[in-house]
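Student: Fold the following.
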Amino acid sequence: MNIIDFLILSLATWRLSSLIATPGDDGPWEIFMKFRKLMGVEYDEETGLYHGTNVFARAIECVFCISIWLGIALTILYLYFGDWTVCFSLPFALSGAAIIVERIANG
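Tutor: Here you go, the predicted structure:
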């Protein structure tokens, strides 16, 4: 694996983890909100917080937790499909890079 592929896959892992784990970051057509709901993440109107109702939901609530599993998945895909995995990951990596630049530029 070269450094460019590593950076693309790293940024893509972070961005996908953030999309899956962060309520309010629902993605196009609210696909990630629907995925979280399907997995068992529910909104508690009393506290205003989201919580997992099962082990899978609790695993995707945390960016640090889900990033491990996504990192493993992208590594396996990279080992089997190489450049195709990088091509799939590139839009997420570019989105992640744009968010990092935005946060640095605007504090």
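Student: And the helices in the protein?
Tutor: Counting by DSSP state H, the chain has helices at residues 3-21, 31-39, 55-60, 63-81, 83-105.
Student: right, and these - which one's nearest residue 45?
Tutor: Residue 45 sits nearest to helix 31-39 of all the helices of the chain, at 14.6 Å, using C-beta to C-beta. Just so you know, the C-beta spots here come from the backbone N, C-alpha and C atoms, and that holds for glycine as well.
Student: List the contacts of the closest one.
Tutor: 19, 20, 23, 25, 26, 27, 50, 52, 54, 56, 57, 60 (C-beta atoms under 8 Å, 6 or more residues apart in numbering).
Student: what about 10 Å?
Tutor: 16, 18-27, 30, 41-43, 50, 52-54, 56-61 (C-beta atoms under 10 Å, 6 or more residues apart in numbering).
Student: Pull that helix out as PDB, backbone CA atoms only.
Tutor: Extracted as PDB, the C-alpha positions of helix 31-39 are listed here (Å, rounded to 0.1, in the frame of the first residue of the first chain):
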ATOM      1  CA  ILE A  31     -29.700   7.400   4.300                       C
ATOM      2  CA  PHE A  32     -27.500   7.300   7.400                       C
ATOM      3  CA  MET A  33     -30.400   8.400   9.700                       C
ATOM      4  CA  LYS A  34     -32.400   5.500   8.200                       C
ATOM      5  CA  PHE A  35     -29.500   3.100   8.700                       C
ATOM      6  CA  ARG A  36     -29.100   4.200  12.400                       C
ATOM      7  CA  LYS A  37     -32.800   3.700  13.000                       C
ATOM      8  CA  LEU A  38     -32.700   0.300  11.200                       C
ATOM      9  CA  MET A  39     -29.800  -0.700  13.500                       C
END
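Student: Sounds good, over and out.
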